[in-house]
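J.: one predicted model, sequence on top.
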Amino acid sequence: MNTSLHRTTILRVALDVPSAISARGEVTSPNHTLFDYTWHGAAEVGQRVIVPWGRQTVMGLIVEHSDHSALEPARLREALAVLKDVEPLPSRWFELIGFAARYYQRSFGEVALPALPALLRKAGAYQLNGPVPNSRGMVAIEKKLARWLSSAAKPPPSSPTTVLMPTEARELSEEQKHAVAAICASLAPAIGASAIAPRETPKPWLLFGITGSGKTEVYLHAIRVALNQGQQVLVLVPEINLTPQLERLFRARFPHARLSTLHSGMADGERAMHWLAAHRGQADLLLGTRMAVLTPLPRIGLIIVDEEHDPSFKQQEGLRYSARDLAVMRSQQEGVPVVLGSATPSCESWSQVQRGRYTKLTLTTRAVQQASLPEIRLIDVRRKPMLHGFTEDLREALDQRLQREEQSLVFLNRRGYAPVLCCSACGWISDCRRCSAHMVYHKSDRQLHCHHCGLQAPINRACPDCGNTDLAPLGRGTQRVEEALLEWFPQARIARIDRDSTRRKGTAEGMFAAVHGGAVDILVGTQMVAKGHDFQNLTLVCIVDADGALFSQDFRAPERLFANLMQVAGRAGRADKPGEVLIQTRFTTHPLFAALTDHDYVRFADAQLAERHEAGLPPYSFQAMLRAEARTLDAALKFLATAREQAGPLIDEGGITLYDPVPMPLMRLANLERAQLLIEAAARPLLQSFLPAWISALQALRTGVRWHVEVDPVEI
Ligand code: ADP
Ligand code: ZN
Ligand code: ZN
């Protein structure tokens, strides 16, 4: 480490730019991912650095330093400031970021910089003219952190849900005991203890337990042991809305542990503070959504991914990563156990168990003695009259629950009032003018909303095509269902929980608390209500329409539907009262429903995997997607065709298939036409060696078309 002030050091800096791109005036270093700057002074690897980039000033991260550069001295620019307000990022974090960058085909900086909290990567926040570069934001964060440290282990805030929360550790069932023992045996020795024998990195655990089987209780026991060993624990959950209740549970169970949370609903300052507490080893438990997976944790000892199958672990913009996969990767790198928990594991994880790469731990019964799995009944809507999308069966069942003073959940995975507004005279429908999608009719604000690009427009008084004033909403969303229920059951207390009704911070929590507290008779909701919540008095779940996803193009749609329905169904009958689930469908003989009514995930998953094996789909092949967007579809498709030609010489060896470029399912989004090209490989290494060469070739094309490559793509 050169700290001499007399010599000039060369800093190799990672910036948030694609690998081969170089702003005017800058030259990339030989490996094309780091940029050389001169610096006269002390600097350590892992520190942040402010550097000029073209005409801008940007934040970078020192990855290497050296005493010479391959570049001509005249072309080297000087770094503006090396920041010492945050301790250098450790080498293990660099390994994790490096892995993610290689795996997802991004430059190191494209992964590293966005992984830092926004406040720590804003070059503009720093005053550079004083003796030490300083940022008022950082000063405030340090103050906040100092306060947090003196007050961090507070008692759980009181809230209606706390009453229902088991704050005492439970006597574990035999299956739970076995799972806890297995996980704990795989923990690394306590921090500070000297290792007696070299340890093998434990295989990932798949905790497969039906809803209500007590998976959370297993996590809690394992977490306690890891905390007692002085280790940090990372817990990932799919939804922001699940954090408050888990947070309270953790606080109640571990009053002396310092708990940090990280999710996208937090203010920048708060996020930076929690990140810093984790990075400095001051936080013992880190609870967060997918973004938390890249947080540095010097004492990490255990990783838990709850609801590991959930699609929201996949980031769908920027670095398109799977937090679940990175969590597994990280556990292997750090040599610590990872627990993937689910009632309906992803097909990927299930096949890893079959291949012997993951170890399965099973919980087969509901934890609460009297609780049993709900009875799932299919209602054949082909033979029944419907009113506002409801059969008599559903209405009667709801009425019964009202009379018994039990709660019901009406599930419909479509928000808004109606998915489209339609002219009965000429057939005009409310299309978004910027997307190939319909505008959704929202009655509450009397607006049409595009759920894809966010465009809003007032509801048309008359048909823009023929002038007819009789425009009718077609189909139904949660708002319309709520309206119908209010009409049928005027005495009932009805609450709707979806993204629209919970836009303001804290609303969702308040509404869930009202349901827990018994202030709601009928809960109407989208998949926001399906996850995690353990409603004690809920005995009926109505699924209004499950058919939409049955025949989707997307090969993952059945898996998602099954998981979704299983999860919603799991909300019923969690305590001592038996639960019932009614599903309206036109396809009562579909095999998915047969497995569902038997609560037989294993049969379903095995059948899915057999189908995918037959068709050569993941996890039996390895995919990447090249997506392009342009003003015209033609331009996007042309780019992809050229890209396909470029691949020719790179795939001589075989084992890689490039499909024809096609328009994306949602072809036009916010006035951009989008197309995609699927790449499929017989083995992961083939894909991983083909992509970098191909991407370099594409970068050299320098077309005006915007494009990106997604590894392990999922449909959007
Ligand atoms: P899951 O996470 O598998 O859906 P939970 O961990 O939420 O299930 O457990 C469901 C319910 O069972 C909770 O109310 C929990 O307190 C209770 N529970 C869990 N384990 C036990 C146990 N060993 N004995 C009694 N109740 C338990
Ligand atoms: Zn018309
Ligand atoms: Zn739109």
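T.: Nice, I can see it. Ligands and ions are numbered 1, 2, ... in the order given.

J.: surely Q623 is in a strand?
T.: Yes - counting by DSSP: H, G, I helix; E, B strand; the rest coil, Q623 is located in a strand.

J.: residues near it, how many?
T.: Close neighbours of Q623, defined as other CB atoms under 10 Å, add up to 18. For every residue, glycine as well, the C-beta is placed using N, CA and C.

J.: for it, which non-adjacent residue is closest in space?
T.: Among residues not flanking Q623 along the chain, E680 sits closest, at 5.4 Å (CB to CB, 6 or more residues apart in numbering).

J.: for the one you found, what are phi and psi?
T.: The main-chain torsion angles of E680 are listed as degrees, to the nearest 10 and equal phi -130, psi 130.

J.: I'd say it and T657 touch.
T.: Yes - counting by CB atoms under 8 Å, a contact exists between E680 and T657, whose distance comes to 4.7 Å.

J.: who has more neighbours, those two?
T.: Neighbours around E680 and T657, counted as other CB under 10 Å, are more numerous at E680. The numbers are 18 against 14.

J.: any idea how far the more buried one is from T469?
T.: 52 Å (CB to CB, to the nearest Å).

J.: would you agree C453 is in contact with R434?
T.: Yes - in terms of CB under 8 Å, C453 counts as a neighbour of R434; the distance is 5.2 Å.

J.: list residues touching both of the two?
T.: Any residue near both C453 and R434 by CB atoms under 8 Å, 6 or more residues apart in numbering counts here, and that gives 669-670.

J.: Y659: what's it in contact with?
T.: Under the criterion of CB under 8 Å, 6+ apart, the contact partners of Y659 comprise 677-680.

J.: again, only this time at 7 Å
T.: Contacts for Y659 (CB atoms under 7 Å, 6 or more residues apart in numbering) come out as 677-678.

J.: what do you get for Q584?
T.: Here Q584 is in contact with 379, 381, 391, 394, 543-545 (criterion: CB under 7 Å, 6+ apart).

J.: please repeat the previous calculation with a cut-off of 10 Å.
T.: If a contact means CB atoms under 10 Å, 6 or more residues apart in numbering, then Q584 has 378-381, 384, 386, 389-391, 393-394, 542-547 as its contacts.

J.: now it, which residues is it bridged with?
T.: With DSSP bridges as the criterion, the beta-bridge partners of Q584 are I379.

J.: so that it lines up with my notes, have the first residue be 9 from now on.
T.: Taking 9 as the first residue, the last one we looked at is Q592.

J.: can you count the residues close to the closest residue in space to G349 that isn't next to it in sequence?
T.: Nearest in space to G349, with sequence neighbours left out and distances taken as CB to CB, 6+ apart, is L215 at 4.2 Å. By other CB under 10 Å, the residues close to L215 number 28.

J.: cool, V552 as well?
T.: Other residues within reach of V552, judged by other CB under 10 Å, total 23.

J.: wouldn't it be in contact with L406 here?
T.: No - applying CB atoms under 10 Å, one finds V552 not in contact with L406, separated by 11.5 Å.

J.: so for these two, which residues contact both of them?
T.: Among the neighbours of V552, those also in contact with L406 (CB under 10 Å, 6+ apart) are 398, 418, 590.

J.: for the chain, what lies in contact range of ligand 3?
T.: 440, 442-443, 458, 460-461, 463 (CB under 5 Å from the ion).

J.: try 6 Å this time
T.: Where the chain comes near ligand 3, counting by CB under 6 Å from the ion, the residues are 440, 442-443, 445, 458, 460-461, 463.

J.: these: which two are farthest apart?
T.: Between all members of those, the longest pairwise span (CB to CB) is found for A445 and L463 and amounts to 9.8 Å.

J.: relative to ligand 2, how far out is the residue in the stretch 459-608 of the chain that ligand 3 sits nearest to?
T.: For the stretch 459-608 of the chain, the residue positioned closest to ligand 3 under CB to the ion is C461, at a distance of 3.2 Å. Taken as CB to the ion, to the nearest Å, the spacing of C461 relative to ligand 2 amounts to 24 Å.

J.: from memory the residue nearest to G349 sits against V361, does it?
T.: No - L215 sits out of contact with V361 when judged by CB under 10 Å, with a separation of 11.2 Å.

J.: which neighbours do the two share?
T.: 348, 353, 367-368.

J.: what residues does the stretch 359-508 of the chain put near ligand 1?
T.: Taking CB under 6 Å from any ligand atom as the criterion, the neighbours of ligand 1 within the stretch 359-508 of the chain are 375-376.

J.: what about 8 Å?
T.: Counting by CB under 8 Å from any ligand atom, the residues of the stretch 359-508 of the chain close to ligand 1 are 371, 374-377, 379.

J.: quick one: buried residues of the longest helix anywhere in the chain?
T.: For the chain, the helix with the greatest residue count under DSSP state H is helix 692-709. Residues of helix 692-709 classed as buried by neighbour count (16 or more other CB atoms under 10 Å): 694-696, 698-699, 702-703, 705-706.

J.: need those in a markdown table (columns: pLDDT).
T.: Converted to a markdown table, those look like this (pLDDT from 0 to 100):
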| residue | pLDDT |
| --- | --- |
| L694 | 95 |
| L695 | 95 |
| Q696 | 93 |
| F698 | 94 |
| L699 | 94 |
| W702 | 94 |
| I703 | 92 |
| A705 | 91 |
| L706 | 92 |
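
J.: which one of these is nearest to D276?
T.: Taking CB to CB as the measure, D276 lies nearest I703 of the buried residues of helix 692-709, at 32.0 Å.

J.: correct me, but the closest one touches Y112?
T.: No - judged on CB under 10 Å, I703 makes no contact with Y112 at a distance of 11.1 Å.

J.: how about low-confidence regions in this structure?
T.: When residues are selected by pLDDT under 70, those of the chain lie in 9-15, 27-40, 160-176, 203-204, 377-378, 540, 582, 724.

J.: interface residues of it facing ligand 2?
T.: Residues of the chain found near ligand 2, taking CB under 6 Å from the ion as the criterion, are 431, 433-434, 436, 471, 473-474, 476.

J.: tell me the buried residues in stretch 379-393?
T.: For stretch 379-393, a neighbour-count test (16+ other CB under 10 Å) marks 379-382, 384, 386-387, 389 as buried.

J.: okay, it in CSV with CA atoms only?
T.: Taking Å, rounded to 0.1, in the frame of the first residue of the first chain, the C-alpha atoms of stretch 379-393 are listed here in CSV:
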residue,chain,number,x,y,z
ALA,A,379,-55.2,-26.4,12.3
SER,A,380,-55.6,-28.5,9.2
LEU,A,381,-55.2,-27.8,5.6
PRO,A,382,-58.3,-26.1,4.0
GLU,A,383,-60.6,-28.0,1.8
ILE,A,384,-60.2,-26.8,-1.8
ARG,A,385,-63.3,-26.9,-4.0
LEU,A,386,-63.6,-26.1,-7.7
ILE,A,387,-66.7,-24.3,-8.8
ASP,A,388,-67.4,-25.0,-12.5
VAL,A,389,-68.6,-21.7,-13.8
ARG,A,390,-69.7,-23.0,-17.2
ARG,A,391,-72.9,-24.3,-15.8
LYS,A,392,-73.7,-21.6,-13.4
PRO,A,393,-75.3,-18.1,-13.6
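
J.: just give me how far it sits from the chain centre.
T.: On the basis of CA atoms, centre = their mean, to the nearest Å, stretch 379-393 sits 31 Å off its chain's mean C-alpha point.

J.: tell me what the residue of the stretch 609-724 of the chain found nearest ligand 2 is bridged to.
T.: Taking CB to the ion, ligand 2 has its nearest neighbour within the stretch 609-724 of the chain at R676, 22.6 Å off. With DSSP bridges applied, R676 shows beta-bridge pairing to E681.

J.: correct me, but it touches H460?
T.: Yes - taking CB under 10 Å as the definition, R676 is a contact partner of H460 at 9.3 Å.

J.: quick check: neighbours shared by the two?
T.: Here R676 and H460 share the contacting residues 440, 442-445, scored by CB under 10 Å, 6+ apart.

J.: and which of those is nearest to L327?
T.: Distance ranking of those against L327, using CB to CB, places C443 first at 24.1 Å.
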